[in-house]
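*Asks:* let me see the structure of the following:
(chains A and B)
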2 protein chains.
Amino acid sequence: MSISIDRQSTKIGFIGLGVMGHSMASHLLEAGYNLHIYNRTREKGKDLLEKGAVWEDTVKDIAKNCDVIITIVGFPQDVEQIYFGEDGLIGNVHEGACLIDMTTSSPATAARIYEEASARNVFSLDAPVSGGDRGAREATLSIMVGGDRGVFDAVKPLFEVMGKNIVFQGMAGSGQHTKMANQIAIAAGMIAVSEAIAYSRRAGLDPDTVLESISSGAAGSWSLSNLGPRMIKGDFAPGFYVKHFIKDMNIASEEADKMELDTPGLDLARSLYLRLKDMGFENDGTQALYRLFEEEDQDRN
Amino acid sequence: MSISIDRQSTKIGFIGLGVMGHSMASHLLEAGYNLHIYNRTREKGKDLLEKGAVWEDTVKDIAKNCDVIITIVGFPQDVEQIYFGEDGLIGNVHEGACLIDMTTSSPATAARIYEEASARNVFSLDAPVSGGDRGAREATLSIMVGGDRGVFDAVKPLFEVMGKNIVFQGMAGSGQHTKMANQIAIAAGMIAVSEAIAYSRRAGLDPDTVLESISSGAAGSWSLSNLGPRMIKGDFAPGFYVKHFIKDMNIASEEADKMELDTPGLDLARSLYLRLKDMGFENDGTQALYRLFEEEDQDRN
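*Replies:* Numbering: from 1, shown residues only, chains lettered A, B, ... in the order given. Next up is the predicted model:
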């Protein structure tokens, strides 16, 4: 049993038309794929339907009618629902179909999808992404893939339409684990950036001038260069939502616990972001972490 | 009273021929400056003397004989000794001379040097650097300068021989404060990088392949790209010494305390590096933080 992709005949199902999913689905459509879409809110797919996508009324319809099904939804519980629910993907796809979950979700869920899918002769990959709304829009996402290499090779043309840095990471769950490593590398780093800018301001420096000195050297990071200036301006619009980052850190933290790996930096970041959420800022972008350091300034004045 | 630099007639004093200082002094000599040197261990200046530098036997001799004096030594107490000691710079330089401390030292010390120097009609700047041994060797250092702008402008040609990214940050102490912001931006980031690599390995991924996926995106940082691979290889050679990083974090932490700024990320990094030092690794490079996460792996096997 093998899998192959054909632009005309292969029916691609796409579930989840949020900020990320909508851009990714658009790229597939523009590349000429036969795209069937489903989303909780039909409205979000309107423009795609005008460009030739086919609407399916339920997840089950997507499952019945499509050969390769891509999902990118909000939370792990949504993934579980879509895959394992009675009218979900696993129970309703045909043999030889391929399920690709691009949600950032738990490695354990990815492994379970793989197991249950395999038992029904269905292929599956976990393929979470990084690069944010901009990466999705510009098709420059980093895509981290776990599952069987042969399946990865077969569906790679689809990934190439949506991203740039596409790397096979190993067996089922490895894409999700890689994404967790990505989020862990960001987590404590966000504290570092917030503190450095707060320190600069408190010391009476001009934080933008400080960035000129420090952002191209050993202190340099994507976060410092891209989110630092937004912190300085007080621009906390998302980008990447605080609530989603907390979700990811929760998963990473559970996985680290299972491995008996201490992650004090992740734990600290998670506790600070939970505090930020408690303060009512879960719909801000992750750079809003800076609020915790600013707030003290305000207390003092 | 003003200051001007002339390649032939201005006598440049240079104190501190460690890994950084030696390269920096070499560049000044190669650029044709009249260089007088002093170092605790004369041996380290031997090749510079062969290339035309003039040896001075004491700090006091440097003070008496030079017009612009650059210092880059190990610890704040060395700076205090060299500047404020009885036979030190402040008490022995001539009016109109200029003192430039390029050691990473405390902003408070920089401010005190400025005050005492000003009272004797002596100019001064604090001008710590980042970029490490390689930046010093290749003259690509970032130089962060505090003091009077006119003095900065006058001696800038000297900085241009030693570095690339040369930024005036404000009044005396601002160079040191900027360097502290730099170290704060690195501190918690090093935890993030260590944890991400430890997590990858523990999850059964190939950490080098993980870096392929994550180092060019939102998780990207100088530390991840440059120190991550050394962590993976178990190459803990310095680079930048653990003991010097601890020194810097101590200063940053004291300054943050004075400002009543909470820096939980810096505090955590400092406590982990102190643990690393207690384990006997203070002469490793900063990437040795990874040992704390590896160690647990070894315990488990």
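*Asks:* alpha carbons only for contacts and neighbour counts from here, please
*Replies:* Fine.
*Asks:* in contact with the residue in the stretch 201-301 of chain A that chain B sits nearest to, which residues?
*Replies:* Taking C-alpha to the nearest C-alpha as the measure, the point where the stretch 201-301 of chain A comes nearest chain B is A:Ser221, at 3.8 Å. Residues in contact with A:Ser221 (C-alpha atoms under 8 Å, 6 or more residues apart in numbering or on different chains) are A:215, B:219-222.
*Asks:* need the phi and psi values for A:Gln176.
*Replies:* The phi/psi pair for A:Gln176 (degrees, to the nearest 10) reads phi -60, psi -40.
*Asks:* touching, it and A:Pro107? I think so.
*Replies:* Yes. Using C-alpha atoms under 8 Å, A:Gln176 is in contact with A:Pro107, at 5.1 Å.
*Asks:* and the contacts of A:Ser221, which of them are buried?
*Replies:* Neighbour-count burial (16 or more other C-alpha atoms under 10 Å in any protein chain shown) is assigned, among the contacts of A:Ser221, to A:215, B:219-222.
*Asks:* tell me how many other residues surround the residue lying closest to A:Asn65 once chain neighbours are set aside.
*Replies:* Nearest residue to A:Asn65, sequence neighbours excluded (C-alpha to C-alpha, 6 or more residues apart in numbering or on different chains): A:Lys11, at 7.4 Å. Residue crowding around A:Lys11 was assessed by other C-alpha atoms under 10 Å in any protein chain shown; the count is 21.
*Asks:* again, but for A:Thr41
*Replies:* If you count neighbours by other C-alpha under 10 Å, A:Thr41 ends up with 11.
*Asks:* roughly how far does it sit from A:Thr58?
*Replies:* A:Thr41 sits 11 Å away from A:Thr58, going by C-alpha to C-alpha, to the nearest Å.
*Asks:* helices and strands of chain A: which one has the lowest mean pLDDT?
*Replies:* When each helix and strand of chain A is scored by mean pLDDT, DSSP states H and E, helix A:291-300 comes last, with a mean of 66.
*Asks:* so how far is chain B from A:Ile69?
*Replies:* Separation of A:Ile69 from chain B (C-alpha to the nearest C-alpha, to the nearest Å): 23 Å.
*Asks:* any idea how far the helix or strand harbouring that residue is from the middle of the chain?
*Replies:* Taking DSSP states H and E as the criterion, A:Ile69 maps to strand A:68-71. Here the centre of strand A:68-71 is set off from its chain's centre by 15 Å, with C-alpha atoms, centre = their mean, to the nearest Å.
*Asks:* and it, what does it pack against?
*Replies:* strand A:11-15, strand A:98-101 (3 or more C-alpha pairs under 8 Å, 6 or more residues apart in numbering or on different chains; DSSP states H and E).
*Asks:* hey, where'd the strands end up in chain A?
*Replies:* Secondary structure of chain A (DSSP state E): strands located at A:11-15, A:34-38, A:54-55, A:68-71, A:98-101, A:123-126, A:129-130, A:141-147, A:163-170.
*Asks:* taking the mean pLDDT, what do you get for the first one?
*Replies:* Translated: strand A:11-15. For strand A:11-15, mean pLDDT rounds to 98.
*Asks:* ok, back up a step: who has more neighbours out of A:Gln176 and A:Pro107?
*Replies:* A:Gln176 (31 against 24).
*Asks:* how about the contacts made by the more buried one?
*Replies:* For A:Gln176, the contact set (C-alpha under 8 Å, 6+ apart) comprises A:104-107, A:110, A:126-128, A:144-146.
*Asks:* try 6 Å this time
*Replies:* Contact partners of A:Gln176, counting by C-alpha atoms under 6 Å, 6 or more residues apart in numbering or on different chains, are A:Pro107.
*Asks:* compute the number of surrounding residues for A:Glu195.
*Replies:* By other C-alpha under 10 Å, 29 other residues sit near A:Glu195.
*Asks:* so, low pLDDT: which residues of chain A?
*Replies:* Along chain A, the model assigns pLDDT under 70 to residues A:1, A:295-301.
*Asks:* domain map for chain A?
*Replies:* Listed domain ranges for chain A are A:11-172, A:178-300 (source: automatic domain parsing).
*Asks:* for the longest one, the distance to its chain's centre please.
*Replies:* What it means is domain A:11-172. Worked out by C-alpha atoms, centre = their mean, domain A:11-172 lies 12 Å from the chain centre.
*Asks:* end to end on it, go ahead and measure it.
*Replies:* Distance between the two ends of domain A:11-172: 24 Å, counting by C-alpha to C-alpha.
*Asks:* ok, back up a step: can you lay out the helices and strands packed on strand A:68-71 as a markdown table showing distance to B:Tyr33?
*Replies:* Shown next, in a markdown table, are the helices and strands packed on strand A:68-71 (distance: least, C-alpha to C-alpha, whole Å):
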| stretch | distance to B:Tyr33 |
| --- | --- |
| strand A:11-15 | 68 |
| strand A:98-101 | 64 |
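*Asks:* quick check: which of those strands is nearest to B:Gly228?
*Replies:* strand A:98-101 (28.5 Å; C-alpha to C-alpha).
*Asks:* counting by contacts, list what the closest one packs against.
*Replies:* Identification of packing neighbours for strand A:98-101 by 3 or more C-alpha pairs under 6 Å, 6 or more residues apart in numbering or on different chains; DSSP states H and E yields strand A:68-71, strand A:123-126.
*Asks:* and those strands, which is most packed in?
*Replies:* Ranked by mean neighbour count under mean count of other C-alpha atoms under 10 Å in any protein chain shown, those are led by strand A:123-126, which reaches a mean of 30.
*Asks:* same for that one, what does it pack against?
*Replies:* Contact partners of strand A:123-126 among helices and strands, from 3+ C-alpha pairs under 6 Å, 6+ apart: strand A:98-101, strand A:141-147.
*Asks:* in the last one, what counts as buried?
*Replies:* Translated: strand A:141-147. Buried residues in strand A:141-147, defined by neighbour count with 16+ other C-alpha under 10 Å: A:141-147.
*Asks:* make a markdown table from the residues you listed and add distance to chain B to it.
*Replies:* Below are the buried residues of strand A:141-147 laid out as a markdown table (distance: C-alpha to the nearest C-alpha, whole Å):
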| residue | distance to chain B |
| --- | --- |
| A:Leu141 | 9 |
| A:Ser142 | 6 |
| A:Ile143 | 7 |
| A:Met144 | 6 |
| A:Val145 | 10 |
| A:Gly146 | 10 |
| A:Gly147 | 12 |
